[in-house]
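Peer 1: what's the 3D shape of this:
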Amino acid sequence: MRLKLATAGVLFLCLAAWACGDDDDEPKDAGADASKTKDAGDETDSGKPDSGKPQTPAERGKYLVEAIGACGDCHTPRLQTGGFDTAKALAGVDCFIDADPTKDDFGCLSSRNLTNHETGLKNRSDQEVKDMFMKGERPDGKYLHPVMPYYVLGNMSDEDADAIVAFLRTVEPVDHMVKANQAPFLPPDAPAPIVPKDKLPKPSASYSDKTAAMRGMYLAANIGVCMECHTGRDEMGGFLVDKLFQGGNRFGRDELGLPPAFPEAIYSSNITPHETGIKGYTVDTIVAAIKKGVDKDKKPLCPPMPAGPMGAFADITDSDARDIAHYLLSLAPKDNMIPATCDVPMGMPTEDGGI
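Peer 2: Numbers count the residues shown, from 1 in each chain. The predicted model follows:
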């Protein structure tokens, strides 16, 4: 099945941090989540982004939502220019994906309104919000379509999950009841399973800076979307847990709203340190890829990676970007030649960067 995005421009179809299409609009009492504890002994917990003063939970959540998770790429509507409509930040997008634009009753998937409004999350308890983005469980007892990568985000720490909720409570309310989802994006019979923590690739024991690599592991494999984008899918769209970070996830040119100069299909790269992946990269060149959207030869990377001056990843702190780089370089190299490469056409301006 080919998907057609309903919005123009380069979109982050890594599908980061969607709380997609919860069309259950029955109001519920808001309540505070009693769980405020961090996972004891979790060796992958990341330190706070570097700053001159201690962060509040809401400040930490803002950073995770706006930079690490790039939530706005899916949950903020775009203007005709392709830029974000900042007046409707995180207010959700009607038919963010449209599997068949020729039909009015088929193919629509909307991204959720995450603002602190009655049509958004205001009437949801903290626990209900966390259950959506960490477990794929909707307040009505149904499940989110696994387009939303809750099966990755479900491994984040309780502290960071609480921080995200704390920030979302501060988001300017926008009155926007998103359109209900349609087939084939109706609630599944069961949620996608959370990726088992013991399946997450660990840094090599001999890696020179394992401490930094472990921090990067948390960012790349538990809370960010590196793993979700750079892992292939089976024929049914299932997540290939045995091929984490090995690339091969397909993104269609038309789905991304790219011009014909781009190839019809763009595949995410193998980001393990193999000849078919990122062998030859250094910490500094990986940081440049994350924050500036350029490869080790300083050539622009293809969409949909949200890097570059206008992309969400530009706001990842240097220390966190370096930790992610250390983690990727510490992985066991995996031989996975990607079926096609993508070069940004000469003279083609890019807003976000590439993948």
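
Peer 1: other SSEs contacting the longest strand that the chain contains?
Peer 2: Ranked by residue count and defined by DSSP state E, the top strand of the chain is strand 93-98. Secondary-structure packing of strand 93-98 (3 or more Cβ pairs under 8 Å, 6 or more residues apart in numbering; DSSP states H and E): strand 4-5, helix 72-75, strand 108-111. For the C-beta atoms, the positions are set from N, CA and C on the backbone; glycine is no exception.

Peer 1: closest to D295 out of the ones you listed?
Peer 2: Smallest distance to D295 across the helices and strands packed on strand 93-98 (Cβ to Cβ): 21.0 Å, for helix 72-75.

Peer 1: circling back: what comes up buried for the longest strand of the chain?
Peer 2: Within strand 93-98, the residues scored as buried using 16 or more other Cβ atoms under 10 Å are V93, D94, C95, F96, I97, D98.

Peer 1: try stretch 161-171
Peer 2: Those would be A161, D162, A163, I164, V165, A166, F167, L168, R169, V171, for stretch 161-171 by 16+ other Cβ under 10 Å.

Peer 1: do stretch 303-311 as well
Peer 2: The neighbour-count check on stretch 303-311 (16+ other Cβ under 10 Å) flags P303, P304, M305, P306, A307, G308, M310, G311 as buried.

Peer 1: return the distance of it from the chain's centre.
Peer 2: Taking Cα atoms, centre = their mean, to the nearest Å, one finds stretch 303-311 lying 12 Å from the centre of the chain it belongs to.

Peer 1: what pLDDT, on average, does it get?
Peer 2: Across stretch 303-311, pLDDT averages out at 82.

Peer 1: need the distance between the two termini of it.
Peer 2: Stretch 303-311 has an end-to-end distance of 11 Å (Cα to Cα, to the nearest Å).

Peer 1: could you shift the numbering so residue one becomes 46, and keep it that way?
Peer 2: Noted, 46 is the first residue going forward, which turns the last one into stretch 348-356.

Peer 1: just to revisit the earlier point, among the helices and strands packed on strand 138-143, which is nearest A310?
Peer 2: The nearest among the helices and strands packed on strand 138-143, by Cβ to Cβ, is strand 49-50 at 14.3 Å.

Peer 1: give the next helix or strand downstream of that closest one.
Peer 2: Counting by DSSP states H and E, the next helix or strand C-terminal to strand 49-50 is helix 102-108.

Peer 1: which helices and strands sit right next to that next one?
Peer 2: With contacts taken as 3+ Cβ pairs under 8 Å, 6+ apart, helix 102-108 sits against helix 203-213.

Peer 1: on contacts alone, who are the packing partners of the helix it packs on?
Peer 2: helix 102-108, helix 171-180.

Peer 1: kindly recompute the last result at 10 Å.
Peer 2: Judged by 3 or more Cβ pairs under 10 Å, 6 or more residues apart in numbering; DSSP states H and E, helix 203-213 is in contact with helix 102-108, helix 171-180, helix 195-198.

Peer 1: okay, buried residues for the second one please.
Peer 2: So the one you mean is helix 171-180. Residues D171, Q172, E173, V174, K175, D176, M177, F178, M179, K180 are the ones in helix 171-180 that count as buried (16+ other Cβ under 10 Å).

Peer 1: and the angle for it with helix 203-213?
Peer 2: If you take axes from the mean of the first three to the mean of the last three Cα atoms, to 10 degrees, helix 171-180 sits at 120 degrees to helix 203-213.

Peer 1: tell me what helix 171-180 is packed against?
Peer 2: By 3+ Cβ pairs under 10 Å, 6+ apart, helix 171-180 packs against helix 195-198, helix 203-213.

Peer 1: and the last one, how far out from the chain middle?
Peer 2: Looking back up the chat, that one is helix 203-213. 16 Å.

Peer 1: and if you look at stretch 108-118?
Peer 2: With Cα atoms, centre = their mean as the basis, stretch 108-118 stands 8 Å off its chain's centre.

Peer 1: what's the end-to-end length of it?
Peer 2: The straight-line separation of the ends of stretch 108-118 (Cα to Cα) is 14 Å.

Peer 1: quick check: angle from the host helix or strand of A258 to helix 203-213?
Peer 2: Using DSSP H and E, A258 sits in helix 255-263. Angle, helix 255-263 to helix 203-213, by the same axes, to 10 degrees: 50 degrees.

Peer 1: if anything else comes up later, I'll come back, but that's it for now.
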